[in-house]
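Engineer: Test case, fold it:
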Amino acid sequence: MARYMVEGSLLLFALAAPLSGGGLALLPLALSLPVLLRQLQQVPRLAWPAASLVGATLISAAFGVDKLVGFGHVVGLLLLAAIGLAGGHALASDAVLLRHRWLAVATVSTAVMATYAVYQHFGLHIARATGFGGFANRLGTLLAFFGFVGLGYLLTLPRRWRWISIPFAALVLTGIGASMSRAAWVAVVAGAAVMALRWGRRGVAILLLACILVAAVGSLQSRWVGRWQSIFDLQDNLDRITLWWTALRIFASSPLVGRGPGSFPQLQAAFMPDPAPARVPISSTPHSVLFGLAADTGLLGLAAFGWLLARALGMAWKVWRHGDIFSVGLVASVVAIVVNDLFGQGFYAMEVASVMWIGFGLLDGLYAGHRDGFRRGSGDER
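Structural biologist: Residues are numbered from 1 along each chain as shown. A predicted model of the protein is given here:
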């Protein structure tokens, strides 16, 4: 009974998360958490860095400007990290569940979300598609993550079915384009480079060809061209720069422990530079995980998050070098969602944060399951 509960919860997450329902799908996973923890065959390598991040957040909350909000963030972070790491390990340890059920469900769900985004943009003439979740940036982030996961999965299918990866990639890319999310666009470039470089010159050649095709098609959409060019225009980014500058000023007021989780919207007006590069409305975060952690948790939180990323990237390097095509796709998805959050606020959004932690857990589980092979350098499938 416990096994079916865990499998059902994980499959529900695979169905709901690409559709922006990851936050709601966490409830059955939270109820399954005791079972997930009992099934762990070993402590995840990311457990201690994650615990240090929770601890740093707890200390910051204790000294923060709004302790109730701060402790709420601590509880949320603790649950997300525990569910994500334990759930990811459960998936990685069950090849049948992961590769024959979970990935298939997540890939189909991603295709549905991308199709709806394309319909919103071109059929309903919505300037920035939002998908089912109502947020354009989150749509782009989710499609980027699950797009690489789905692409890796489709490329592991029998040869007669691998052609599906081409229309799937085109559909997801169009959906991401429809979101007009610049952070997601940059994340896709980073993830695509991760996948391409795994196969040396052949991969780079395929990436360059794909970039030419995407640029040619994208040039037909003037709004997309203008949006892409705005990435490199300082004037178009003054609002973000103002938020980052504000976050740095908050950090400078309490550099060791920050001003407490969730404090940014309460302090933004008081710490905004005067004169500011741009007047921006009150925001829940400074639109960057690094600036957000700096303002909220100070050096303690930044150090803990740096430890988490360093260990995750170390495992990703091994999985990327010696894993199969799906493993490379997973590494690309994790890199993409981290790069996206350097310019976004997914770390503070349940729909995206749940996916990020599941990605960390899957990466941790795949590394643990093949650690001996990685150490010997075996399993390379170039």
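Engineer: ok, the residue nearest the centre of the chain - contacts?
Structural biologist: The central residue of the chain, meaning the one whose C-alpha is nearest the mean C-alpha position (CA atoms, centre = their mean), is Ile337 at 3.0 Å. The contact partners of Ile337, by CB atoms under 8 Å, 6 or more residues apart in numbering, come to 141, 144-145, 187, 346, 352, 355-356, 359. C-beta: built from backbone N, CA, C; applies to glycine.
Engineer: Measure how far the host helix or strand of Met5 is from the centre of its chain, please.
Structural biologist: Counting by DSSP states H and E, the secondary-structure element that holds Met5 is helix 2-16. Using CA atoms, centre = their mean, to the nearest Å, the mean C-alpha position of helix 2-16 is found 20 Å from that of the whole chain.
Engineer: Contacts for that helix, please.
Structural biologist: So helix 2-16 is in contact with 21-22, 24-26, 28-29, 31-32, 35-36, 39, 87, 90-91, 97, 101-103, 105-106, 109, 354, 358, going by CB under 8 Å, 6+ apart.
Engineer: Let's verify the closest residue to Leu37 other than its chain neighbours: helix, strand, or coil?
Structural biologist: Closest residue in space to Leu37, ignoring its immediate chain neighbours: Ala86 at 5.5 Å, by CB to CB, 6 or more residues apart in numbering. In three-state terms, and counting by DSSP: H, G, I helix; E, B strand; the rest coil, Ala86 is helix.
Engineer: Tell me which entries of the contacts of Ile337 lie within helices.
Structural biologist: Counted as lying in helices by DSSP state H, out of these, are 141, 144-145, 187, 352, 355-356, 359.
Engineer: what packs against the helix or strand in which Thr174 is found?
Structural biologist: Using DSSP H and E, the secondary-structure element containing Thr174 is helix 165-179. Using 3 or more CB pairs under 8 Å, 6 or more residues apart in numbering; DSSP states H and E as the contact criterion, the elements in contact with helix 165-179 are helix 103-118, helix 136-154, helix 182-197.
Engineer: what does the first one contact?
Structural biologist: I take that to be helix 103-118. When contacts are defined by CB under 8 Å, 6+ apart, helix 103-118 is touched by residues 11, 14-20, 129-132, 139, 142-143, 146-147, 149-150, 153-154, 168, 171-172, 174-176, 178-179, 326.
Engineer: Filter these down to the buried ones.
Structural biologist: 11, 14-20, 129-131, 139, 142-143, 146-147, 149-150, 153-154, 168, 171-172, 174-176, 178-179, 326 (16 or more other CB atoms under 10 Å).
Engineer: By mean pLDDT, point me to the weakest helix or strand of this structure.
Structural biologist: The helix or strand of the chain with the poorest confidence is helix 371-376; it has a mean of 56 (mean pLDDT, DSSP states H and E).
Engineer: Buried ones among the contacts of helix 2-16?
Structural biologist: Of all the contacts of helix 2-16 considered here, the ones buried according to neighbour count by 16+ other CB under 10 Å are 21-22, 24-26, 28-29, 32, 35-36, 39, 87, 90-91, 97, 101-103, 105-106, 109, 354, 358.
Engineer: ok so, going back, after the helix holding Met5, which helix or strand is next?
Structural biologist: Using DSSP H and E, the helix or strand that directly follows helix 2-16 along the chain is helix 22-31.
Engineer: mind showing which ranges of the stretch 101-250 of the chain have poor pLDDT?
Structural biologist: Low-confidence segments of the stretch 101-250 of the chain, defined by pLDDT under 70, are absent.
Engineer: Name the residues of stretch 287-305 that are buried.
Structural biologist: Burial within stretch 287-305, assessed by neighbour count using 16+ other CB under 10 Å, is assigned to 287-305.
Engineer: Any idea how many residues pack against the closest residue to Met195 other than its chain neighbours?
Structural biologist: For Met195, the nearest residue in space outside its immediate sequence neighbours is Ala332; the separation is 4.7 Å by CB to CB, 6+ apart. The burial metric for Ala332, expressed as a neighbour count using other CB atoms under 10 Å, is 30.
Engineer: same check, this time on Leu68
Structural biologist: Other residues near Leu68 number 9, with proximity taken as other CB under 10 Å.
Engineer: now it: how far from Ala316?
Structural biologist: Going from Leu68 to Ala316 by CB to CB, to the nearest Å gives 36 Å.
Engineer: Could you grab the helix/strand/coil label for Leu98?
Structural biologist: If you use three-state DSSP, then Leu98 falls in the helix class.
Engineer: coming back round to it: what would the ones in helices among the contacts of Ile337 look like in CSV with distance to Pro44 and neighbour count?
Structural biologist: Shown next, in CSV, are these (distance: CB to CB, whole Å; neighbours: other CB atoms under 10 Å):
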residue, distance to Pro44, neighbour count
Thr141, 23, 30
Ala144, 24, 32
Phe145, 19, 30
Ala187, 24, 32
Val352, 20, 27
Val355, 17, 27
Met356, 15, 24
Gly359, 13, 25
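Engineer: Distance to Leu366 added to those, as a markdown table?
Structural biologist: Shown next, in a markdown table, are the ones in helices among the contacts of Ile337 (distance: CB to CB, whole Å):
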| residue | distance to Leu366 |
| --- | --- |
| Thr141 | 22 |
| Ala144 | 20 |
| Phe145 | 16 |
| Ala187 | 21 |
| Val352 | 21 |
| Val355 | 16 |
| Met356 | 16 |
| Gly359 | 11 |
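Engineer: closest to Gln266 among those residues?
Structural biologist: Lowest distance from Gln266 to these (CB to CB) belongs to Val352, with 22.4 Å.
Engineer: List the residues that contact that closest one.
Structural biologist: The contact partners of Val352, taken as CB under 8 Å, 6+ apart, are 22, 138, 141-142, 337, 341, 344, 346.
Engineer: Pull up the gap between the nearest residue to it once chain neighbours are set aside and Pro28, please.
Structural biologist: What sits nearest to Val352 in space, not counting adjacent residues and going by CB to CB, 6+ apart, is Gly346, at 3.2 Å. Here Gly346 is placed at a distance of 22 Å from Pro28 (CB to CB).
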